[in-house]
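Enquirer: Build me a model:
(one chain, ligands or ions: 2)
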Amino acid sequence: MKVFVIGSGGREHAICFKVAQSKGVEKLYCAPGNAGIAEIAECVPIPVMELERLADFAEQEKIDLTIVGPDDPLVAGAVDVFEKRGLRVFGPRANAAIIEGSKAFSKDLMKRYRIPTAAYETFDSAEEALAYLERAEFPLVLKADGLALGKGVLICPTKEEAIAGVREIMEDRKFGAAGNRMVIEEFLTGREVSVLCFCDGTTIRPMTSAQDHKRAKDGDQGLNTGGMGTFSPSPFYTEEIASFCEEQIYRPTMAAMKAEGREFVGILFVGLMLTEKGPRVLEYNARFGDPETQVVLPRMKSDLIEVMEACIDGRLDTVELEFEENAAVCVVLASEGYPEHYEKGYPIQVNHEFGKDGYYLFHAGTAKKDGQVVTAGGRVLGVTATGADLKTARANAYQATDWVEFEHKYMRHDIGKAIDEA
Ligand code: AMP
Ligand code: GLY
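Expert: Ligands and ions are numbered 1, 2, ... in the order given. Have a look, this model is predicted:
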(Lines give C-alpha, C1' and ligand atoms only; values in the text may rest on other atoms or scores of the structure.)
(Ligands and ions follow the chains in the order given, each with its own letter.)
Protein backbone atom coordinates (compact mmCIF):
# COMPACT_ATOMS: atom_id res chain seq x y z
CA MET A 1 0.00 0.00 0.00
CA LYS A 2 0.95 3.66 -0.40
CA VAL A 3 1.04 5.80 2.72
CA PHE A 4 1.24 9.60 2.92
CA VAL A 5 2.28 11.39 6.15
CA ILE A 6 1.61 15.12 6.60
CA GLY A 7 4.07 17.13 8.72
CA SER A 8 7.77 17.90 9.06
CA GLY A 9 8.83 17.47 12.68
CA GLY A 10 10.50 14.86 14.85
CA ARG A 11 7.06 13.43 15.52
CA GLU A 12 6.47 12.85 11.81
CA HIS A 13 9.94 11.32 11.42
CA ALA A 14 9.06 8.84 14.17
CA ILE A 15 5.68 8.13 12.54
CA CYS A 16 7.36 7.58 9.15
CA PHE A 17 9.97 5.32 10.73
CA LYS A 18 7.25 3.15 12.28
CA VAL A 19 5.07 3.16 9.16
CA ALA A 20 8.07 2.09 7.06
CA GLN A 21 8.37 -1.04 9.24
CA SER A 22 4.79 -2.02 8.56
CA LYS A 23 4.37 -5.17 6.48
CA GLY A 24 2.02 -3.91 3.80
CA VAL A 25 3.71 -0.59 3.02
CA GLU A 26 5.44 -0.39 -0.38
CA LYS A 27 5.72 3.35 -0.79
CA LEU A 28 5.89 6.19 1.71
CA TYR A 29 5.44 9.91 0.99
CA CYS A 30 5.69 12.85 3.37
CA ALA A 31 4.71 16.51 2.92
CA PRO A 32 6.74 18.56 3.42
CA GLY A 33 9.06 16.32 5.49
CA ASN A 34 12.67 17.13 6.44
CA ALA A 35 16.19 15.90 5.69
CA GLY A 36 15.84 12.82 7.93
CA ILE A 37 12.42 11.85 6.65
CA ALA A 38 13.82 12.11 3.10
CA GLU A 39 16.00 9.06 3.86
CA ILE A 40 12.95 6.81 4.30
CA ALA A 41 10.17 8.58 2.40
CA GLU A 42 9.72 10.61 -0.74
CA CYS A 43 9.25 14.22 0.39
CA VAL A 44 6.70 16.36 -1.42
CA PRO A 45 7.02 20.16 -1.05
CA ILE A 46 3.42 20.97 -0.06
CA PRO A 47 2.89 23.03 3.13
CA VAL A 48 0.72 21.36 5.80
CA MET A 49 -2.03 23.98 5.61
CA GLU A 50 -2.61 23.66 1.86
CA LEU A 51 -5.32 21.09 2.40
CA GLU A 52 -6.73 20.94 -1.14
CA ARG A 53 -3.26 20.55 -2.67
CA LEU A 54 -2.48 17.75 -0.22
CA ALA A 55 -5.72 16.01 -1.19
CA ASP A 56 -4.93 16.56 -4.90
CA PHE A 57 -1.61 14.81 -4.36
CA ALA A 58 -3.26 11.89 -2.52
CA GLU A 59 -5.73 11.52 -5.38
CA GLN A 60 -3.09 11.66 -8.12
CA GLU A 61 -0.78 9.17 -6.42
CA LYS A 62 -3.65 6.87 -5.42
CA ILE A 63 -2.58 6.99 -1.78
CA ASP A 64 -4.22 4.26 0.31
CA LEU A 65 -3.85 5.97 3.68
CA THR A 66 -2.96 9.52 4.76
CA ILE A 67 -1.84 10.27 8.33
CA VAL A 68 -2.13 13.87 9.53
CA GLY A 69 0.56 14.73 12.12
CA PRO A 70 0.17 18.35 13.31
CA ASP A 71 -2.69 20.11 15.09
CA ASP A 72 -3.17 23.05 12.72
CA PRO A 73 -4.36 21.10 9.66
CA LEU A 74 -6.50 18.84 11.87
CA VAL A 75 -8.26 21.78 13.51
CA ALA A 76 -8.61 23.40 10.06
CA GLY A 77 -10.45 20.31 8.73
CA ALA A 78 -7.81 18.33 6.80
CA VAL A 79 -9.61 15.07 7.53
CA ASP A 80 -12.94 16.50 6.33
CA VAL A 81 -11.31 17.63 3.05
CA PHE A 82 -9.87 14.16 2.43
CA GLU A 83 -13.07 12.34 3.39
CA LYS A 84 -15.18 14.52 1.13
CA ARG A 85 -13.11 13.20 -1.78
CA GLY A 86 -13.45 9.62 -0.62
CA LEU A 87 -9.80 9.43 0.48
CA ARG A 88 -8.85 7.25 3.43
CA VAL A 89 -7.32 9.32 6.21
CA PHE A 90 -6.30 8.88 9.86
CA GLY A 91 -7.13 11.67 12.32
CA PRO A 92 -10.11 13.44 13.91
CA ARG A 93 -12.46 15.61 11.84
CA ALA A 94 -12.54 19.33 12.65
CA ASN A 95 -15.61 18.92 14.86
CA ALA A 96 -13.63 16.50 17.07
CA ALA A 97 -10.20 18.19 16.80
CA ILE A 98 -11.84 21.14 18.57
CA ILE A 99 -10.99 19.25 21.77
CA GLU A 100 -7.49 20.65 21.20
CA GLY A 101 -8.48 23.72 19.16
CA SER A 102 -10.53 25.35 21.92
CA LYS A 103 -9.61 25.20 25.59
CA ALA A 104 -13.02 26.67 26.46
CA PHE A 105 -14.68 23.76 24.60
CA SER A 106 -12.58 21.10 26.32
CA LYS A 107 -13.00 22.60 29.79
CA ASP A 108 -16.75 22.85 29.30
CA LEU A 109 -16.88 19.24 28.07
CA MET A 110 -14.99 18.03 31.14
CA LYS A 111 -17.25 19.98 33.46
CA ARG A 112 -20.47 18.68 31.89
CA TYR A 113 -19.28 15.07 31.85
CA ARG A 114 -17.58 15.23 35.27
CA ILE A 115 -14.08 14.44 33.99
CA PRO A 116 -11.51 15.49 36.61
CA THR A 117 -9.68 18.71 35.69
CA ALA A 118 -8.63 22.02 37.28
CA ALA A 119 -11.44 24.37 38.37
CA TYR A 120 -11.82 27.24 35.87
CA GLU A 121 -13.79 30.13 34.42
CA THR A 122 -14.06 31.26 30.79
CA PHE A 123 -13.91 34.93 29.71
CA ASP A 124 -14.81 36.70 26.48
CA SER A 125 -13.44 40.11 27.40
CA ALA A 126 -10.43 41.56 29.22
CA GLU A 127 -12.69 43.58 31.59
CA GLU A 128 -14.47 40.46 32.84
CA ALA A 129 -11.18 38.61 33.26
CA LEU A 130 -9.55 41.53 35.12
CA ALA A 131 -12.58 41.86 37.40
CA TYR A 132 -12.29 38.15 38.21
CA LEU A 133 -8.62 38.58 39.21
CA GLU A 134 -9.69 41.01 41.95
CA ARG A 135 -11.45 38.20 43.82
CA ALA A 136 -9.16 35.30 42.83
CA GLU A 137 -6.45 33.47 44.74
CA PHE A 138 -2.94 32.98 43.35
CA PRO A 139 -1.07 31.33 41.70
CA LEU A 140 -3.40 31.02 38.72
CA VAL A 141 -3.04 29.74 35.17
CA LEU A 142 -4.11 31.79 32.13
CA LYS A 143 -4.81 30.03 28.84
CA ALA A 144 -5.57 31.55 25.47
CA ASP A 145 -8.55 29.65 24.04
CA GLY A 146 -7.14 28.71 20.63
CA LEU A 147 -4.00 27.10 19.21
CA ALA A 148 -0.86 29.01 20.14
CA LEU A 149 2.01 26.62 19.37
CA GLY A 150 1.90 25.39 22.95
CA LYS A 151 2.83 28.87 24.16
CA GLY A 152 -0.58 30.24 25.10
CA VAL A 153 -0.36 29.12 28.74
CA LEU A 154 0.87 31.54 31.43
CA ILE A 155 1.47 30.49 35.02
CA CYS A 156 0.98 33.56 37.20
CA PRO A 157 2.26 33.49 40.80
CA THR A 158 0.85 36.97 41.61
CA LYS A 159 -2.07 39.23 40.75
CA GLU A 160 0.26 41.70 39.01
CA GLU A 161 1.58 39.01 36.67
CA ALA A 162 -1.95 37.80 35.98
CA ILE A 163 -3.12 41.32 35.09
CA ALA A 164 -0.18 41.69 32.69
CA GLY A 165 -0.98 38.24 31.25
CA VAL A 166 -4.65 39.01 30.62
CA ARG A 167 -3.58 42.21 28.80
CA GLU A 168 -1.06 40.29 26.67
CA ILE A 169 -3.57 37.63 25.67
CA MET A 170 -6.77 39.65 25.24
CA GLU A 171 -5.66 43.21 24.51
CA ASP A 172 -2.24 42.93 22.83
CA ARG A 173 -3.31 39.67 21.15
CA LYS A 174 0.13 38.17 21.70
CA PHE A 175 -1.23 34.81 20.49
CA GLY A 176 -3.45 36.36 17.79
CA ALA A 177 -7.03 35.19 17.45
CA ALA A 178 -6.28 32.41 19.97
CA GLY A 179 -6.84 35.17 22.54
CA ASN A 180 -10.42 36.08 21.58
CA ARG A 181 -11.44 34.09 24.63
CA MET A 182 -9.49 32.80 27.56
CA VAL A 183 -9.68 30.33 30.37
CA ILE A 184 -8.41 31.10 33.86
CA GLU A 185 -7.83 28.01 35.95
CA GLU A 186 -6.63 26.66 39.24
CA PHE A 187 -2.87 25.99 39.50
CA LEU A 188 -2.20 22.29 40.03
CA THR A 189 0.96 20.65 41.35
CA GLY A 190 2.25 17.13 40.90
CA ARG A 191 3.93 14.96 38.28
CA GLU A 192 2.95 15.50 34.67
CA VAL A 193 2.30 12.51 32.43
CA SER A 194 1.35 12.32 28.76
CA VAL A 195 -0.78 9.42 27.58
CA LEU A 196 -1.42 9.03 23.86
CA CYS A 197 -4.48 6.93 23.03
CA PHE A 198 -5.74 5.28 19.85
CA CYS A 199 -9.44 6.01 19.31
CA ASP A 200 -12.03 4.65 16.87
CA GLY A 201 -14.94 6.84 17.95
CA THR A 202 -16.21 4.30 20.49
CA THR A 203 -13.18 2.43 21.84
CA ILE A 204 -10.14 4.16 23.31
CA ARG A 205 -6.88 2.33 24.01
CA PRO A 206 -3.99 4.05 25.75
CA MET A 207 -0.39 3.54 24.66
CA THR A 208 2.49 3.37 27.11
CA SER A 209 2.96 6.59 29.12
CA ALA A 210 5.59 9.30 28.67
CA GLN A 211 6.78 12.51 30.27
CA ASP A 212 7.86 15.65 28.45
CA HIS A 213 10.22 18.43 29.65
CA LYS A 214 8.72 21.68 28.41
CA ARG A 215 11.12 24.27 29.82
CA ALA A 216 14.24 25.28 27.91
CA LYS A 217 16.78 24.94 30.74
CA ASP A 218 17.94 22.41 33.30
CA GLY A 219 15.92 22.24 36.52
CA ASP A 220 12.75 23.27 34.63
CA GLN A 221 14.00 26.84 34.32
CA GLY A 222 13.70 29.13 31.33
CA LEU A 223 10.96 29.58 28.78
CA ASN A 224 8.37 27.07 27.65
CA THR A 225 9.35 25.23 24.48
CA GLY A 226 7.78 22.64 22.21
CA GLY A 227 9.51 20.01 24.40
CA MET A 228 13.21 19.42 25.18
CA GLY A 229 13.07 15.70 25.84
CA THR A 230 10.95 12.81 26.99
CA PHE A 231 11.08 9.47 28.72
CA SER A 232 8.77 6.46 28.59
CA PRO A 233 7.23 4.87 30.55
CA SER A 234 6.58 7.22 33.47
CA PRO A 235 7.36 5.37 36.72
CA PHE A 236 4.80 7.59 38.46
CA TYR A 237 1.95 6.34 36.27
CA THR A 238 1.20 3.22 38.30
CA GLU A 239 -1.30 0.51 37.37
CA GLU A 240 -3.70 1.93 39.92
CA ILE A 241 -3.48 5.40 38.37
CA ALA A 242 -3.80 3.92 34.89
CA SER A 243 -7.03 2.13 35.75
CA PHE A 244 -8.43 5.25 37.42
CA CYS A 245 -7.67 7.19 34.22
CA GLU A 246 -9.24 4.53 32.00
CA GLU A 247 -12.46 4.61 34.01
CA GLN A 248 -12.70 8.27 34.96
CA ILE A 249 -10.97 10.01 32.06
CA TYR A 250 -10.32 8.08 28.83
CA ARG A 251 -13.59 6.21 28.41
CA PRO A 252 -15.77 9.11 29.63
CA THR A 253 -14.01 11.46 27.20
CA MET A 254 -14.63 9.10 24.29
CA ALA A 255 -18.28 8.69 25.30
CA ALA A 256 -18.73 12.44 25.80
CA MET A 257 -17.43 13.23 22.32
CA LYS A 258 -19.72 10.60 20.84
CA ALA A 259 -22.72 11.90 22.78
CA GLU A 260 -21.97 15.39 21.45
CA GLY A 261 -22.00 14.11 17.86
CA ARG A 262 -18.23 14.62 17.63
CA GLU A 263 -16.94 11.04 17.34
CA PHE A 264 -13.21 11.15 17.89
CA VAL A 265 -11.17 8.95 15.55
CA GLY A 266 -7.39 9.30 15.69
CA ILE A 267 -4.92 9.95 18.50
CA LEU A 268 -6.18 11.57 21.68
CA PHE A 269 -3.25 12.89 23.71
CA VAL A 270 -4.24 13.33 27.35
CA GLY A 271 -1.94 15.61 29.36
CA LEU A 272 -2.35 14.70 33.02
CA MET A 273 -1.23 16.14 36.32
CA LEU A 274 -0.97 13.49 39.04
CA THR A 275 -2.06 15.62 42.01
CA GLU A 276 -2.42 14.59 45.65
CA LYS A 277 -6.15 14.39 45.05
CA GLY A 278 -5.76 12.15 42.03
CA PRO A 279 -5.14 12.57 38.28
CA ARG A 280 -6.49 15.72 36.61
CA VAL A 281 -6.59 16.54 32.90
CA LEU A 282 -4.34 19.50 32.04
CA GLU A 283 -5.09 19.44 28.34
CA TYR A 284 -6.20 17.34 25.42
CA ASN A 285 -4.41 17.25 22.08
CA ALA A 286 -5.94 15.74 18.97
CA ARG A 287 -2.70 14.19 17.66
CA PHE A 288 0.55 12.47 18.58
CA GLY A 289 2.81 14.47 20.94
CA ASP A 290 6.18 15.87 19.99
CA PRO A 291 8.60 14.64 21.38
CA GLU A 292 6.46 11.97 23.13
CA THR A 293 6.08 10.05 19.87
CA GLN A 294 9.87 9.73 19.65
CA VAL A 295 9.88 7.55 22.79
CA VAL A 296 6.50 5.84 22.46
CA LEU A 297 6.59 4.50 18.88
CA PRO A 298 10.08 2.94 19.13
CA ARG A 299 8.63 0.88 22.00
CA MET A 300 5.52 -0.20 20.12
CA LYS A 301 5.53 -3.87 19.13
CA SER A 302 2.28 -3.90 17.17
CA ASP A 303 1.98 -2.83 13.54
CA LEU A 304 1.07 0.87 13.48
CA ILE A 305 -0.80 0.73 10.18
CA GLU A 306 -2.91 -2.20 11.35
CA VAL A 307 -3.93 -0.30 14.47
CA MET A 308 -4.69 2.90 12.51
CA GLU A 309 -6.81 0.99 9.99
CA ALA A 310 -8.74 -0.58 12.87
CA CYS A 311 -9.42 2.92 14.24
CA ILE A 312 -10.79 4.13 10.90
CA ASP A 313 -12.95 1.00 10.56
CA GLY A 314 -14.30 1.17 14.11
CA ARG A 315 -12.82 -2.16 15.24
CA LEU A 316 -10.06 -1.03 17.58
CA ASP A 317 -11.35 -3.48 20.21
CA THR A 318 -10.24 -6.40 18.03
CA VAL A 319 -6.55 -5.60 17.38
CA GLU A 320 -3.44 -6.31 19.40
CA LEU A 321 -1.75 -3.33 20.97
CA GLU A 322 1.54 -4.21 22.60
CA PHE A 323 4.59 -2.33 23.80
CA GLU A 324 8.05 -3.59 24.73
CA GLU A 325 8.80 -4.04 28.43
CA ASN A 326 11.82 -1.73 28.04
CA ALA A 327 12.22 2.06 28.39
CA ALA A 328 13.21 4.91 26.10
CA VAL A 329 14.65 8.40 26.53
CA CYS A 330 14.73 11.17 23.91
CA VAL A 331 17.07 14.16 24.28
CA VAL A 332 16.33 17.06 21.95
CA LEU A 333 19.35 18.73 20.35
CA ALA A 334 18.36 22.34 19.81
CA SER A 335 20.02 25.47 18.43
CA GLU A 336 21.49 27.64 21.21
CA GLY A 337 18.98 30.43 21.95
CA TYR A 338 15.81 28.43 21.23
CA PRO A 339 12.91 29.19 21.80
CA GLU A 340 13.89 32.81 21.21
CA HIS A 341 16.54 33.93 18.76
CA TYR A 342 18.81 31.29 17.21
CA GLU A 343 20.82 30.88 14.04
CA LYS A 344 20.53 28.12 11.48
CA GLY A 345 22.25 26.73 8.41
CA TYR A 346 25.09 24.92 10.23
CA PRO A 347 26.28 21.55 8.89
CA ILE A 348 25.39 18.50 11.01
CA GLN A 349 27.93 15.68 11.45
CA VAL A 350 26.61 12.28 12.49
CA ASN A 351 29.34 9.85 13.60
CA HIS A 352 27.26 6.74 14.16
CA GLU A 353 24.80 4.54 12.35
CA PHE A 354 21.44 5.25 13.97
CA GLY A 355 18.22 3.30 13.40
CA LYS A 356 19.51 0.05 14.91
CA ASP A 357 20.50 -1.44 18.29
CA GLY A 358 17.96 0.81 20.02
CA TYR A 359 19.44 4.13 18.88
CA TYR A 360 17.36 6.52 16.77
CA LEU A 361 18.02 9.95 15.34
CA PHE A 362 14.76 11.75 14.59
CA HIS A 363 15.11 14.91 12.55
CA ALA A 364 13.00 17.98 13.34
CA GLY A 365 14.50 21.28 12.11
CA THR A 366 16.90 20.02 9.45
CA ALA A 367 17.24 20.69 5.72
CA LYS A 368 19.56 19.70 2.91
CA LYS A 369 21.80 22.40 1.44
CA ASP A 370 24.25 21.56 -1.36
CA GLY A 371 24.04 17.89 -0.46
CA GLN A 372 24.84 18.55 3.21
CA VAL A 373 22.33 18.21 6.09
CA VAL A 374 22.15 21.52 7.99
CA THR A 375 20.29 22.94 10.97
CA ALA A 376 17.04 24.61 9.93
CA GLY A 377 15.07 25.17 13.14
CA GLY A 378 15.09 25.62 16.90
CA ARG A 379 14.60 21.98 17.73
CA VAL A 380 17.02 20.28 15.34
CA LEU A 381 17.13 16.58 16.23
CA GLY A 382 15.81 14.14 18.79
CA VAL A 383 18.24 11.46 19.95
CA THR A 384 16.28 8.48 21.26
CA ALA A 385 17.77 5.43 22.93
CA THR A 386 16.09 2.43 24.46
CA GLY A 387 17.35 0.34 27.37
CA ALA A 388 16.18 -2.39 29.70
CA ASP A 389 15.14 0.26 32.21
CA LEU A 390 14.89 4.05 32.36
CA LYS A 391 18.36 4.59 33.82
CA THR A 392 20.02 2.53 31.10
CA ALA A 393 17.95 4.23 28.40
CA ARG A 394 18.97 7.64 29.75
CA ALA A 395 22.68 6.74 29.88
CA ASN A 396 22.44 5.41 26.31
CA ALA A 397 20.63 8.52 25.05
CA TYR A 398 23.18 10.91 26.56
CA GLN A 399 26.04 8.83 25.20
CA ALA A 400 24.44 9.06 21.76
CA THR A 401 24.20 12.85 21.93
CA ASP A 402 28.02 12.86 21.58
CA TRP A 403 27.72 11.17 18.19
CA VAL A 404 26.05 14.20 16.64
CA GLU A 405 27.81 17.53 16.21
CA PHE A 406 26.81 20.95 14.94
CA GLU A 407 27.68 24.50 15.86
CA HIS A 408 25.58 25.99 18.68
CA LYS A 409 24.28 22.56 19.70
CA TYR A 410 22.25 22.93 22.90
CA MET A 411 20.50 20.37 25.08
CA ARG A 412 19.20 19.88 28.58
CA HIS A 413 21.33 17.61 30.74
CA ASP A 414 18.59 16.48 33.11
CA ILE A 415 16.08 14.74 30.85
CA GLY A 416 14.66 11.88 32.89
CA LYS A 417 16.31 13.01 36.13
CA ALA A 418 12.93 12.63 37.87
CA ILE A 419 13.20 8.86 37.49
CA ASP A 420 15.85 8.87 40.23
CA GLU A 421 13.09 9.89 42.64
CA ALA A 422 10.73 7.10 41.60
P1 AMP B 1 -1.07 23.04 28.16
O2 AMP B 1 -0.73 23.67 26.83
O3 AMP B 1 -2.47 23.23 28.61
O4 AMP B 1 -0.56 21.63 28.29
O5 AMP B 1 -0.13 23.76 29.20
C6 AMP B 1 1.27 23.79 29.03
C7 AMP B 1 1.93 23.48 30.34
O8 AMP B 1 1.51 24.41 31.33
C9 AMP B 1 1.55 22.12 30.90
O10 AMP B 1 2.31 21.08 30.37
C11 AMP B 1 1.81 22.34 32.38
O12 AMP B 1 3.20 22.23 32.64
C13 AMP B 1 1.41 23.77 32.57
N14 AMP B 1 0.02 23.85 33.05
C15 AMP B 1 -1.11 23.91 32.31
N16 AMP B 1 -2.21 23.97 33.09
C17 AMP B 1 -1.77 23.98 34.36
C18 AMP B 1 -2.41 24.02 35.64
N19 AMP B 1 -3.73 24.12 35.76
N20 AMP B 1 -1.64 23.98 36.75
C21 AMP B 1 -0.29 23.90 36.64
N22 AMP B 1 0.37 23.86 35.48
C23 AMP B 1 -0.35 23.89 34.35
N1 GLY C 1 4.88 17.57 23.85
C2 GLY C 1 3.68 18.29 23.95
C3 GLY C 1 2.88 18.38 22.74
O4 GLY C 1 3.11 17.71 21.76
O5 GLY C 1 1.95 19.18 22.73
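Enquirer: State the pLDDT value of Gly150.
Expert: Looking at Gly150, its pLDDT is 67.
Enquirer: Which residue ranges of the stretch 1-150 of the chain form helices?
Expert: For the stretch 1-150 of the chain, the helices defined by DSSP state H, counting those that start in this stretch occupy 10-20, 51-60, 71-75, 78-84, 94-101, 103-112, 126-135.
Enquirer: So, low pLDDT: which residues of this structure?
Expert: Within the chain, the stretches with pLDDT under 70 are 150.
Enquirer: and stretch 301-315, which residues are buried?
Expert: Neighbour-count burial for stretch 301-315 flags Ser302, Asp303, Leu304, Ile305, Val307, Met308, Glu309, Ala310, Cys311, Ile312 (criterion: 16 or more other Cβ atoms under 10 Å). C-betas here are computed from N, CA, C, even on glycine.
Enquirer: scratch that, stretch 175-190
Expert: Phe175, Ala178, Gly179, Asn180, Arg181, Met182, Val183, Ile184, Glu185, Leu188, Gly190.
Enquirer: which residues touch it?
Expert: Applying Cβ atoms under 8 Å, 6 or more residues apart in numbering, the contact partners of stretch 175-190 are 102-104, 107, 118-124, 129, 132-133, 136, 138-148, 151-152, 155, 162, 166, 169-170, 173, 273-276, 280, 282.
Enquirer: Spell out the residue ranges of the helices in the stretch 201-350 of the chain.
Expert: For the stretch 201-350 of the chain, the helices defined by DSSP H, counting those that start in this stretch occupy 239-245, 251-259, 293-296, 304-312.
Enquirer: and these as JSON lines, adding distance to Phe4?
Expert: JSON lines is the format used below for those (distance: least, Cβ to Cβ, whole Å):
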{"stretch": "helix 239-245", "distance to Phe4": "33"}
{"stretch": "helix 251-259", "distance to Phe4": "26"}
{"stretch": "helix 293-296", "distance to Phe4": "17"}
{"stretch": "helix 304-312", "distance to Phe4": "12"}
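Enquirer: Just send those helices back as JSON lines, with distance to ligand 1 too.
Expert: Converted to JSON lines, those look like this (distance: least, Cβ to the nearest ligand atom, whole Å):
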{"stretch": "helix 239-245", "distance to ligand 1": "16"}
{"stretch": "helix 251-259", "distance to ligand 1": "15"}
{"stretch": "helix 293-296", "distance to ligand 1": "16"}
{"stretch": "helix 304-312", "distance to ligand 1": "24"}
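Enquirer: which ones among the contacts of stretch 175-190 come in contact with ligand 1?
Expert: Residues of the contacts of stretch 175-190 in contact with ligand 1 (Cβ under 6 Å from any ligand atom): Ala118, Val141, Ile155, Leu282.
Enquirer: From Asp212, how far out is the last one?
Expert: For Leu282, the distance to Asp212 under the criterion Cβ to Cβ, to the nearest Å works out to 11 Å.
Enquirer: which residues do these two both contact?
Expert: Shared contacts of Leu282 and Asp212 (Cβ under 8 Å, 6+ apart): Glu192.
Enquirer: between these two, who's got more neighbours?
Expert: Asp212 (23 against 20; other Cβ atoms under 10 Å).
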